[in-house]
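Colleague: Structure, please.
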Amino acid sequence: MNFEEMVSKLERFWEDEGCTRLFPYDQEVGAGTLSPYTFLRVLGRKPWKAVYVQPSRRPADGRYGENPNRLYMHHQLQVIVKPPTTDIQDTYLRSLYLLGLKPAEHDIRFVEDNWETPVLGAAGVGWEVWLDGMEVTQFTYFQQAGGQEVPVVAVEITYGLERLAMFVQEKKNVYELEWHDGVTYGDLRQQVERENSIYSFEQADIEALVTMFDLCEKESQRMIDKKLITPAYEYLLKCSHTFNVLDARGTVGISQRMAYLARVRRLAYGCANLYLENENHE
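Modeller: Just a heads-up that it's a prediction; the model follows:
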């Protein structure tokens with residue numbers, strides 16, 4: 001089963017469970033949680049069920065395309081079910097079975113791991129799912145987002161697609177994964193990984209990025225003041241990614257880091273409040 005086939009099977013599985021299949025959000029994000037398909041939709045009382053693949057960029061994790069399982073950009077399959085069904089864990093295990101990963105043949109463990117994303121003021125309780133000793137999924141029940149207690153619990157299931165594919169294809173090196181018949185992961189991604197690592201660790205213009213962060217922060221706040229959620233949130237995402245590049249560049253001290261996170265979090269609170277205000281007026 002190649003990478004494409006695995007992803008398609010998981011998407012169809014969750015569609016059959018009532019989820020809307022979405023395309024990836026077209027902004028740089030560090031995790032599927034930052035997509036508005038998750039962050040905004042878990043707010044408020046409206047039900048929401050969705051599945052989507054989200055490319056997730058983490059500049060500090062880049063390894064020049066030389067590490068067999070550490071990547072600048074990996075792919076997550078994000079599932080949101082709000083409110084969750086009572087058998088959601090069993091449903092998840094059935095999705096693994098579909099990939100040929102049978103619980104009777106593998107050591108599958110739910111390891112308690114309460115989760116938070118300080119940059120979004122988001123937190124929840126849940127588990128890491130370990131498959132034969134490697135984390136392949138994060139399972140979270142949202143309690144808070146944008147500094148707001150969520151009135152209706154949403155469950156977020158985040159599959160690490162590269163790691164999962166390494167199990168399915170029995171590969172030790174991510175670049176050896178078969179993406180499509182005759183096309184490997186390395187054919188598509190290894191040079192990209194090398195070049196983005198060079199940029200993040202060596203070539204990113206620090207002064208320009210600091211200016212970029214300031215400009216995007218200002219524009220996000222201006223859009224919040226204009227009550228335009230989408231552009232406000234998209235400029236927040238630009239701030240978040242710009243900070244991540246600065247962090248990877250090694251120029252952000254501990255106190256600066258906390259200050260940058262607080263600035264992005266303030267924007268997240270503004271977007272969350274605006275989203276809830278709109279929902280309450282509908």
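Colleague: got the contact list for the least confident helix or strand in the chain by mean pLDDT?
Modeller: Ranked by mean pLDDT, DSSP states H and E, the weakest helix or strand in the chain is strand 115-117, scoring a mean of 88. Contact partners of strand 115-117, identified using Cβ atoms under 8 Å, 6 or more residues apart in numbering, comprise 31, 33, 34, 122, 123, 124, 125, 126, 138, 140. The way it works is simple: take the backbone N, C-alpha and C, and place the C-beta from them, glycine included.
Colleague: Which members of the residues you listed are classed as buried?
Modeller: Buried by 16 or more other Cβ atoms under 10 Å: 31, 33, 34, 122, 123, 124, 126, 138, 140, out of the contacts of strand 115-117.
Colleague: close enough to count as contact, the fourth one and residue 39?
Modeller: Yes. The criterion here is Cβ atoms under 8 Å, and residue 122 meets it with residue 39 at 7.0 Å.
Colleague: shared neighbours of those two, anything?
Modeller: Common contacts of residue 122 and residue 39 (Cβ under 8 Å, 6+ apart): 33, 145, 146.
Colleague: Nearest to residue 194, out of those residues: which one, please.
Modeller: The nearest member of those to residue 194, counting by Cβ to Cβ, is residue 33 at 27.2 Å.
Colleague: In this structure the closest one contacts residue 41, no?
Modeller: No. If you go by Cβ under 8 Å, residue 33 and residue 41 don't touch, sitting 11.1 Å apart.
Colleague: returning to what we had before: residue 23: which of the contacts of strand 115-117 is nearest?
Modeller: residue 34 (15.8 Å).
Colleague: how much space between that closest one and residue 125?
Modeller: For residue 34, the distance to residue 125 equals 20 Å [Cβ to Cβ, to the nearest Å].
Colleague: if we can go back for a sec, give me the buried positions along the least confident helix or strand of the chain.
Modeller: Within strand 115-117, the residues scored as buried using 16+ other Cβ under 10 Å are 115, 117.
Colleague: chain center to that strand: distance?
Modeller: Put simply, strand 115-117 sits 12 Å off its chain's centre (Cα atoms, centre = their mean, to the nearest Å).
Colleague: can you check stretch 268-282 too?
Modeller: The answer for stretch 268-282 is 22 Å, by Cα atoms, centre = their mean.
Colleague: Quick check: mean pLDDT of it?
Modeller: Stretch 268-282 shows a mean pLDDT of 91.
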